[in-house]
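[1] heads up, no residue letters with this:
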């Protein structure tokens, strides 16, 4: 069995990690930490886990206990992994960080967007951006994996086939993205209240969202040059799900885009290119580690519309983290991740 | 009192019309027709109307009874107004049609998008497109008013200030629109079931939606020339509301867009230009005849993002119909329409 | 115009009061207080009110300013009206208190359930319980009105016809009540988050809820003796609405219960006894000051099931408060309250 | 591998069966039938199943093909299993019927409630009521299993500990039950539309629901005598979940009810008696084959309130069907059913 530690398991990505690991045949959670919930049983906080993890309690973070694990997941606010990663990497464990701490390669850019100094710039070279569909080989040997954000996962998987093939104008890319409320986390802020968010739709952070530089970084890598990206996130009245509607101008009309996408993802276990003309629904991936994609060119014009959906807590966070773990440990990449989505 | 007839009052725009007219100090509904519900009391079908309209029953359509009204609203599927409008216009009544029958000026374009011959092309010259913010003067003397569609209302109000001022590149306009489920009507189709539409988001009709030619027609008029429009509608898990996220490239960076929008709508009672930096929520217009708009230019680039929200059943249908009635009858334009939105 | 003051207008009952008063032809809100939001415009906090109250700002509570009003509403947490009511009553204003401060006649019982000493027991004799269907005459001359709670309104209106007529066994009454999430207020507690409350149903406070003694007090008055009441509230994933399912054993089978209810409420403008066999929906009263009731005796047994629905923010709070104001000021009781519910 | 046939797999219990069987290590679906969808791929109809069952297509029902399976599930409207069961039982397969066809032991009672003659009364003696917590031994050798209804599962599991122990007055039992909309199936009826059922709560079928005789039958068996049951179902705006709030009068106050329930279900893998004072949420069982129960005696009175929650599509239908299959085939009862609920 793989010995697993989780730092900061009280939020939605934490409980989702526990749900997924409960179905993983080789995973055993040894340690889960939370300063605020020290001593509480995990199953008391999350009744869906009653009957699983019945003896697992939150403890205060301890490097020795965590360092004895094969893998340590960070499901923490930004800044925490910065503070702990260096010491942990001196043990033999691997770190899979679900926070934003090591996603951006440029520590100054990170500081600008997150409003505080980068806490561990010396580890940035070590860190691997954990998008398996792009970086699988590097993940196999990584000691420190930065799991992509939810919007960045949906947007990059939808855009990189076009960009890698040089088919899209990189100067004019629009990502109009819609997220469920769980993307805002389990914090008790006014906007996340049921009565403030249900039966309504709104855009937010149009002036600039922290996932913008992360998406741009990934797209630049696919293009091999600069990109011009407009990213508008929206809050949607549903618990889970991201629907990315991606607009890009094609520069070569002769290419069969459907075939391009199908070939790009032919061997990817968790990317599903749907038949031409499809409209993927976020519910078709609820609880599952899948990204479903459909490619459209409305009225035969030069604007491509890519629809890309994920469950923000699974392929957009905890599921992708487990996928990274499977790769890094040399396991079957789909282990514990092959259950279908919950529908209806 | 104004004598009012309603043809086809069993759908969501019909019951919304009844709700709004119940608050209108001068309106009296004389006739409401439905072949399928003939003889049923309106308040038995719609319990929210109990205590209002207690003696009003559905009757079969009758031109004499309708023709004796001051105004006849059509809240019918397309094709019905085509069939009845000509005869009705030979009486002294006015027609306010909430269906798509007279929205497009080109009868052949109508036929292509609606899949059937246009039933009354001879009336197209008479028909006025009932967007008061553009056509108020024509509405004052109109005998036949085509109330705009829900998406077209939100999209046009958000884009025309830019286009009229010649500030946007008309060749590259994107309207990424999100609609509540009531936009699909009260028909019992699978996709409108609670279990099929709640907790999920999806795009639909990306290849081409019937509101595309209607929006294009309005934008062409604002530009005075051709436009290139990509329109992607999405189904959102909420009853009411449209959120239009509109993308356009500005060609002159020196203009103060906030001031432009504020001036364009300074005297409009039902368009609210919100302060710079705002993110309007659809719930802020729930049940109210208002379009709220915010203008953004993210990161100071050349792409303008306009956010425009309406209640699809009010400013996107029945409320705008009443607004048209008020104008056409020379009443205060806001009569019966000044109540605030229901929030939360 | 009636001069109105509102103490504590930042919660859901406060904004609902503003929404309803905006439709009241004789109301003018002079003062609205909030210590935390001092100086903020009401319409900036509640965008649905933009275009209404555009110059109204929150101010710190001031007895002189409030005392100059014809009516002062308290939309505050419990304890606040206790502290301010005495001084305010020395002016000429009337107080309509939406909080629980003056609902219970027994100050010791109040202290037990609310966990603090009663702050103004000397005013209890002055206070009138503002359920118009029971206390209309006393409300006409009241200086201090305690607006009933949401559950108590739905439960009492559904049960008192049986109890007043001596038809029900008062020892065995069950009120199984389902409430929308807005009943928990606008506070940012974990259980009110969208992701914690949507797509789920749960009971709460089964051991004892603060509305239990209030309901019991009202039922005792109707019976003229003791009652045995079991009250189980449930949290339901909707913004507004209370559905009370009330169980009671009838002691006389010969009575026509439908007629009994119809007669009891024949002259009540805001109680709608639906036809026999009906199942009222909470959405049929959304936004409206109505209680709809249906009476059933399943399988002809001796158990009566009464279904009683209200909008917790309207007939269960702010609408009933305005109704009380109308009565107390000698106005038409329905003024500003006659609009239909919002459906769908 | 176990060879499985499914008759009528196009509804919600059908797709849920497929979801659960995809996670069952020994199940292989050989045949799935649907007259209306003949030839369609299952994964085309249910996109959550893409990547699973990729070659499985709907076929017309064929007794030879079904008879070659180890188990045949019926996920059909009532009447279908009546017509096919007899012939199928002449093969060596077992039948697990999710419909109501064989739940009631009295064929005349069945006819009264379902409004048509019972189609196979001669098989009633063979049929076993598939509630494992009551009938496990009989299920082991059953050829024809009638899977309990959703309400009956939640209600019986919550009440039988009291009734078996002779602790409750059998003459006065109330089951106030709240169900998600998926309980109404995938049929396109008006009441199941999103806009008709979201943001609202209502009771239905108060005069008599088909699950009433089924619950009564189970309770009578537990009591060993007649019972007086009032059952009021409610439609709740959520996809999945049943919350049964059960009221019963205890006749012996000395018993520790918490201990009674814990002992009754000590060895049950799928019944979770929660700690005293708990309020189970339906979301804590979403997608999982669990019934969570809490027992309350409010204010120490003689009325017991039992709260019992299940996922209507899992423990209330397809999960319980798989549990029955595991038992009948001598497998570990929890095989394929041990994943945690999806929360949030």
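    Yes, it's here. Everything numeric here is computed off the predicted structure, so don't read it as measured data. Residues are numbered from 1 along each chain as shown, chains lettered A, B, ... in the order given.

[2] Tell me how many other residues surround residue A:113.
    18 (other CB atoms under 10 Å in any protein chain shown). Backbone N, C-alpha and C define where each C-beta goes, glycine included.

[3] Contacts only, for it.
    A:104, A:208, A:210, A:212-213 (CB atoms under 8 Å, 6 or more residues apart in numbering or on different chains).

[4] List the buried residues of the helix or strand where residue A:87 lies.
    Assigned by DSSP states H and E, residue A:87 belongs to helix A:80-89. For helix A:80-89, the neighbour count (16 or more other CB atoms under 10 Å in any protein chain shown) marks A:80-82, A:84-85, A:88-89 as buried.

[5] just stretch A:331-344 next, same as before
    So for stretch A:331-344, counting by 16+ other CB under 10 Å, buried means A:331, A:333, A:335-344.

[6] Considering only the residues you listed, which also neighbour chain D?
    Restricting the buried residues of stretch A:331-344 to those within reach of chain D (CB under 8 Å from any CB of the partner chain) leaves A:339-344.

[7] Can you pull out the low-pLDDT segments for the stretch 1-150 of chain A?
    The stretch 1-150 of chain A contains no residues with pLDDT under 70.

[8] could you pull out the strands for it?
    Using DSSP state E, counting those that start in this stretch, the strands of the stretch 1-150 of chain A run over A:2-7, A:27-33, A:58-59, A:71-74, A:94-97, A:128-129, A:144-146.

[9] which one of those strands is the most hemmed in?
    Among those, strand A:71-74 has the highest mean neighbour count (mean count of other CB atoms under 10 Å in any protein chain shown), at a mean of 28.

[10] Neighbouring strands - and their directions - for it?
    strand A:2-7 (parallel), strand A:94-97 (parallel) (DSSP bridges).

[11] Give me the contact list for it.
    So strand A:71-74 is in contact with A:2-8, A:17, A:66, A:80-81, A:84-85, A:88, A:93-99, A:101, A:321, A:325, A:328-329, going by CB under 8 Å, 6+ apart.

[12] Next up, the contacts around residue A:99.
    A:74-78, A:80-81.

[13] Show me the two of these that sit farthest apart.
    Largest separation among the contacts of residue A:99 by CB to CB: A:75 and A:78, giving 11.8 Å.

[14] of these two, who's got more company?
    Under the criterion of other CB under 10 Å, the comparison of residue A:75 against residue A:78 puts residue A:75 first, with 30 against 20.

[15] Out of the ones next to chain D among the buried residues of stretch A:331-344, which are close to chain B?
    Answer for those near chain B (CB under 8 Å from any CB): residue A:344.

[16] from the ones next to chain D among the buried residues of stretch A:331-344, which ones fall inside strands?
    Within those, no residue falls in strands by DSSP state E.

[17] how far away is the closest residue to residue A:72 other than its chain neighbours from chain C?
    Leaving aside its chain neighbours, residue A:72 sits nearest to residue A:5 (4.2 Å; criterion: CB to CB, 6 or more residues apart in numbering or on different chains). Taking CB to the nearest CB, to the nearest Å as the measure, residue A:5 and chain C are separated by 25 Å.

[18] In contact with residue A:5, which residues?
    A:29-33, A:65-66, A:69, A:71-73, A:93.

[19] Nearest to residue D:55, out of the strands paired with strand A:71-74?
    That would be strand A:2-7 among the strands paired with strand A:71-74, by CB to CB, at 33.3 Å.

[20] and the residue lying closest to residue A:165 once chain neighbours are set aside, what element?
    Once flanking residues are discounted, residue A:165 sits nearest to residue A:260: 6.1 Å by CB to CB, 6+ apart. Taking DSSP H and E as the criterion, residue A:260 maps to helix A:257-264.

[21] how many neighbours does the residue nearest to residue A:164 when sequence neighbours are not counted have?
    Leaving aside its sequence neighbours, residue A:164 sits nearest to residue A:222 (CB to CB, 6+ apart; 4.9 Å). Using other CB under 10 Å, residue A:222 has 20 other residues around it.

[22] now do the one 5 residues further on
    When neighbours are defined as other CB under 10 Å, residue A:227 has 21 of them.

[23] residues contacting it?
    A:163, A:170-171, A:173, A:216, A:219-220.

[24] Find the closest residue to chain D in the stretch 151-300 of chain A.
    residue A:284 (4.0 Å; CB to the nearest CB).

[25] that's a helix at that residue, yeah?
    Yes: read with DSSP: H, G, I helix; E, B strand; the rest coil, residue A:284 is one of the residues of a helix.

[26] Distance check, it against residue C:277.
    40 Å (CB to CB, to the nearest Å).

[27] Among the two, which residue is more densely surrounded?
    residue A:284 (25 against 11).

[28] And the pLDDT for that one?
    We have a pLDDT of 98 for residue A:284.

[29] Now it: closest residue in space, sequence neighbours ignored.
    residue D:47 (4.0 Å).

[30] my guess is that neighbour contacts residue A:292, does it?
    Yes: in this structure, residue D:47 is within contact of residue A:292 by CB atoms under 8 Å, at 7.2 Å.

[31] Tell me the residues on the stretch 201-344 of chain A that lie near chain D, please.
    So far as CB under 8 Å from any CB goes, the stretch 201-344 of chain A lies against chain D at A:239-240, A:272, A:274, A:280-281, A:283-288, A:290, A:292, A:339-344.

[32] Would you agree residue A:277 falls within a strand?
    No: going by three-state DSSP, the assignment for residue A:277 is coil, not a strand.

[33] what residues are up against it?
    Applying CB under 8 Å, 6+ apart, the residues near residue A:277 are A:294, A:296, B:207.

[34] Number of residues surrounding whatever residue of the stretch 101-250 of chain A ends up closest to chain B?
    Nearest to chain B, among the residues of the stretch 101-250 of chain A, is residue A:200, at 3.6 Å (CB to the nearest CB). Neighbour count for residue A:200, taken as other CB under 10 Å: 26.

[35] Now for the ones next to chain D among the buried residues of stretch A:331-344: which two are most distant?
    Going by CB to CB, the pair spanning these furthest: A:339 and A:344, at 16.0 Å.

[36] Around residue A:329, how many other residues sit close by?
    For residue A:329, using other CB under 10 Å, the count is 14.

[37] And it, how close does it get to residue D:296?
    Taken as CB to CB, the span from residue A:329 to residue D:296 is 47 Å.

[38] cool, and residue A:230?
    Distance from residue A:230 to residue D:296, by CB to CB: 54 Å.

[39] which residues in the stretch 51-200 of chain A form helices?
    A:63-67, A:80-89, A:107-114, A:132-140, A:150-164, A:194-197 (DSSP state H, counting those that start in this stretch).

[40] got the end-to-end distance for stretch A:170-185?
    32 Å (CA to CA, to the nearest Å).
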